[in-house]
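Visitor: give the three-dimensional model of this entry:
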Amino acid sequence: MSRGKACTVDADLQKGFGNPVPELYEAAAGDDASPALARALELRSFLALAEEQVARVRDRVHADMDPDRDMGELSADKLRFDAQWLEAALEARDGYRAALGELLRTMPPPAQQARPVRTAQLRATATLPLSAARAPPRAGAARARRP
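Guide: Numbering: from 1, shown residues only. Okay, here's the model as predicted:
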């Protein structure tokens with residue numbers, strides 16, 4: 001997962017889950033991590049990658065369009081390809097942001113989030129008085145068949 005890269009939704013994640021993103025990744029590694037946290041961090045990782053792709057294409061287009069660059073190096077085909085790539089990266093980014101926003105909107109506030117409850121399994125034991133523990137002499141005996 002893209003833990004080290006900053007992402008545009010980090011503040012929203014911190015607000016939604018009550019901890020900074022690095023601590024959320026640590027919590028997600030634990031046995032009692034909520035499914036919502038795991039999903040949110042997965043979406044965050046995808047979003048961080050999509051944002052990185054958007055930035056790479058943007059920077060490449062800016063470099064290609066630099067006023068000091070030789071005009072003979074400019075390629076319409078290359079710019080068309082970058083435009084398609086940028087469109088795909090922006091669509092992915094928008095989709096991940098929407099999915100993460102929906103997840104954060106629909107989950108309960110951090111104070112109300114259910115935590116798994118671990119309970120010890122109790123056994124009921126009882127002892128019967130000796131008189132109740134004895135079965136009648138023919139209890140459970142099969143009846144003899146009559147001809």
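
Visitor: tell me which stretches of this protein form helices.
Guide: Using DSSP state H, the helices of the chain run over 10-17, 21-28, 35-64, 76-106, 130-133.

Visitor: what's the least confident stretch among those helices?
Guide: Among the helices of the chain, helix 130-133 carries the lowest mean pLDDT, a mean of 57.

Visitor: quick revisit: nearest to residue 3, out of the helices of the chain?
Guide: Evaluated with C-beta to C-beta, these place helix 21-28 nearest to residue 3, the distance being 5.3 Å. Any C-beta I mention is one placed from the backbone N, CA and C, and that applies to glycine too.

Visitor: give me the residues contacting stretch 76-95.
Guide: Here stretch 76-95 makes contact (C-beta atoms under 8 Å, 6 or more residues apart in numbering) with 46, 47, 50, 51, 53, 54, 57, 58, 60, 61, 64.

Visitor: list buried residues within those residues.
Guide: Using 16 or more other C-beta atoms under 10 Å as the burial test, the contacts of stretch 76-95 include 46, 47, 50, 51, 53, 54, 57, 61 as buried.

Visitor: a markdown table for these, including distance to residue 91?
Guide: What follows is the buried ones among the contacts of stretch 76-95, written out as a markdown table (distance: C-beta to C-beta, whole Å):
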| residue | distance to residue 91 |
| --- | --- |
| 46 | 13 |
| 47 | 12 |
| 50 | 9 |
| 51 | 13 |
| 53 | 11 |
| 54 | 10 |
| 57 | 13 |
| 61 | 17 |
